[in-house]
Each structure stands twice: as C-alpha cells, then as structure tokens.
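Colleague: dropping a prediction and its sequence here:
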Amino acid sequence: MQIHETAFVVSTYRSHHEDISKDTYAKLWNNPATDAIIPDIFERVSKYEAILHSLRNRFFYERMNTFFKKNNGGTLINFGSGFSMYQFSFGDHVATIEIDKKDIIDYKKDKIDHWTKEGKLPFRNITYSAIDFNKNTPTEIIASLRPLIQKEPTFILLEGVLFFLDRKTTNTLFEVFKKLQEPGDLVGVVTYLPEVENTQVYKRLLHYFDSHNDTNDSFMHQTIPEAYFRNIDGYKVIENTDEFELSTIYAPEHGIKDKTTILNETIFLLERI
Ligand SMILES: C[S@@+](CC[C@H](N)C(=O)[O-])C[C@H]1O[C@@H](n2cnc3c(N)ncnc32)[C@H](O)[C@@H]1O
C-alpha cells in the first residue's frame, strides 16, 4: 500500500461513523478503489479500525473546537494532513495550513477548490504547503511555513503520521513546532506506544503492510514511548488518552472491552510553555 492510499483509507473510515467522527465531509473523498481495500483490512487486521479512527478524529475535533472558540479563531497547522476536513466543521474565523507530500497537496487543493466552487463546501481560508518531512531541513520547513501563519494562536496537528516516520524526522518536527509556536499554543499528536508491538493485532498490521507493499513505497513502523512526549523541550503534556478510553465515552454501544485486542493508538495534547 502506498502512503497516500492510507490517507484515503483513514478518510473513508471517518465517513463510516459520522456520528462518532463528526466529519460530515469525509465522504467526499470516498472512491471505489479504497472501498475495495477496506473489507480486507477489517478481516486481516481488525474490524474496529474505522471506529478507532473516527474516535481519534472526534477527540481532535472537540479539542480544536474548544481552543478556537476560546481564542476567537486562530490557525490550524495540519502536518501530514492527508484528506482531513476539520476546517469545514469550524467557522471561518479559523485559518488552516495543510502540509503534506506534493502529490497529496496538489490533488487535495484541486478537489477542495472545485467542491467549494460547486457549493459542496463552505469557503475557508486555506493555504497549502508541499513538504516532505524526510527531505526538507528544519530551517527550510520553518521558512516556508512562518509567512503562512497570519492568525494566532496556533493548533498544530500531527495525526496518523508518526508511524510512518523515523525518530530523527520526528525530532526535526518538534524542533520546527517549537520555533513556530508561542506559549499557550497547542500540539495534538497520535502515536503507537512500544507496548502495542506485543499485541497480535499490531503484528497483523505489520504483516498486512509487508504483504501489500507491492510498490516499494517504504516507510517506518515507528512506536514511541510515553516518556518521549513528557520530555519534549518547550512543551508540557496537558492531556493523555487513548482510543480505548475514547471508545468508552463516544462509542460505548460498540462494546470494545479489551485494549490489547484493538489497534489502540495513544494521544497527547501538548502545550507550548
Ligand atoms: C494515514 S495518513 C493520515 C492523514 C491525516 N492526518 C488523517 O489523520 O486523516 C498519513 C499522512 O501522512 C503523510 N506523510 C507520511 N510521510 C510523510 C512525509 N515524509 N512528509 C510529508 N507527509 C507525510 C502522508 O502523505 C499521509 O497523507
């Protein structure tokens, strides 16, 4: 599976559970090729994947909504934004900077512009930046993003991306965040903890990626310990949860009983200090 396909898959997951994800625009990205992949993932990896990704979206939707309401707007800076659609669920007082690899950014901008003209999406202040986190230096990334930040405070989102990066690139990104943000600004981040590596479901995920990597689109399988996030220079953890906990709040009817049988991702909300 190519990395850009994972963005389509995640977006389609959100459209399966709009009541949980609160993303009523995700379905615009649905397409037959992605619909054909998903039943195989449910069978070979886990049938809970769509619910879990919707829960993760819901958490960030709630936290960003509160943050931007409290501050009467600001800028969402979405690193590895894929096809996420948060900006259309917030008011037009929120500006958004979408950052991803060039093929995703070009495709997304084209589609969003088109759907906005057609009236399928409300107009929003969105800027797009094509950056490969593995190739661009921190100085280059900061130089291209700083002029795009027109409205403070900022909420940086790094959702569903760390798994695909190595630790060096991860460190680079947090260096960039620290330089771009002011005290009180927030970062929302999702990761697998190393504990997850011992679960059968995570082993099935790796096996799925290995057996479907027919394109040589290589990527890491990164897990990161909690201590990493507690020791990031310039930040403090203000909230820590995981998808299992979120399921008890937003999806109790799905009866997820055991966090070791699902692909449980951990979420940190960090505040710039
Ligand atoms: C699973 S998708 C998640 C997309 C979105 N954040 C979401 O949760 O719906 C992973 C995204 O990370 C992006 N990504 C992965 N490696 C990247 C890199 N080195 N530079 C920029 N973007 C990258 C991919 O292109 C893809 O859009």
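Modeller: Arrived safely, thanks for sending.
Colleague: just checking, next helix/strand downstream of the host helix or strand of Phe209?
Modeller: Per DSSP states H and E: Phe209 is located in helix 200-211. Following helix 200-211 in sequence order, the next helix or strand is helix 226-230 (DSSP H and E).
Colleague: for that next one, which positions count as buried?
Modeller: 228-229 (16 or more other C-beta atoms under 10 Å). Bear in mind the C-beta positions are built from the backbone N, C-alpha and C, glycine included.
Colleague: now it: mean pLDDT?
Modeller: For helix 226-230, mean pLDDT is 98.
Colleague: touching that helix from outside, list them.
Modeller: Residues outside helix 226-230 that contact it (C-beta atoms under 8 Å, 6 or more residues apart in numbering) are 189, 191, 193, 237, 240, 266, 268, 270.
Colleague: quick one on the thing from earlier: got a list of contacts for the helix holding Phe209?
Modeller: For helix 200-211, the external contacting residues (C-beta under 8 Å, 6+ apart) are 1, 41, 44-46, 192, 196, 221, 260-263.
Colleague: repeat for stretch 161-169
Modeller: By C-beta under 8 Å, 6+ apart, stretch 161-169 touches 3, 6, 79-80, 133-134, 170, 173, 189-192, 219-224.
Colleague: at 7 Å what do you get?
Modeller: Stretch 161-169 has contacts (C-beta atoms under 7 Å, 6 or more residues apart in numbering) with 3, 79-80, 133-134, 170, 189-192, 219-222, 224.
Colleague: how about stretch 23-40?
Modeller: So stretch 23-40 is contacted by 8-9, 11-12, 14-15, 18, 57, 83, 85, 88-89, 115, 120-121 (C-beta under 7 Å, 6+ apart).
Colleague: among the contacts of helix 200-211, name the least confidently predicted one.
Modeller: For the contacts of helix 200-211, the pLDDT minimum is Met1, 69.
Colleague: of the contacts of stretch 23-40, which are in range of the ligand?
Modeller: By C-beta under 6 Å from any ligand atom, the members of those lying near the ligand are Ser11.
Colleague: just the buried residues of the contacts of stretch 23-40.
Modeller: 8-9, 11-12, 14-15, 57, 83, 85, 88-89, 121.
Colleague: what sits against the residue of the stretch 151-273 of the chain found nearest the ligand?
Modeller: The ligand sits closest to Gly160 of the stretch 151-273 of the chain, with a gap of 3.4 Å, by C-beta to the nearest ligand atom. Contact analysis of Gly160 by C-beta under 7 Å, 6+ apart lists 10, 80, 82, 190.
Colleague: same thing with Leu121?
Modeller: If you count contacts by C-beta under 7 Å, 6+ apart, Leu121 has them with 25, 88, 112, 115.
Colleague: please, a PyMOL command that selects the buried ones among the contacts of helix 226-230?
Modeller: Selection of buried members from the contacts of helix 226-230 for PyMOL, criterion 16+ other C-beta under 10 Å:
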select buried, resi 189+191+193+266+268+270
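Colleague: mind checking how far the residue sitting furthest away from the middle of the chain is from Thr96?
Modeller: If you look at how far each residue of the chain sits from its centre, by C-alpha atoms, centre = their mean, the farthest one is Glu118, at 26.7 Å. As judged by C-beta to C-beta, to the nearest Å, Glu118 and Thr96 stand 20 Å apart.
Colleague: and Leu270, helix, strand or coil?
Modeller: Secondary structure, DSSP: H, G, I helix; E, B strand; the rest coil: Leu270 is strand.
Colleague: what about the residue in the stretch 51-200 of the chain that the ligand sits nearest to, how many residues close to it?
Modeller: Closest to the ligand within the stretch 51-200 of the chain is Gly82: 2.5 Å, counting by C-beta to the nearest ligand atom. Other residues within reach of Gly82 by the criterion other C-beta atoms under 10 Å amount to 23.
Colleague: and for the one 4 residues further on?
Modeller: A total of 23 residues lie near Tyr86 under the criterion other C-beta under 10 Å.
Colleague: what do you get for Asn231?
Modeller: 10.
Colleague: nearest to Phe155 among the contacts of stretch 23-40?
Modeller: Nearest to Phe155 out of the contacts of stretch 23-40 is Ser89 (C-beta to C-beta; 13.5 Å).
Colleague: hmm, back to that, restricted to helices, list the contacts of Leu121.
Modeller: Counting by DSSP state H, those place 88, 112, 115 in helices.
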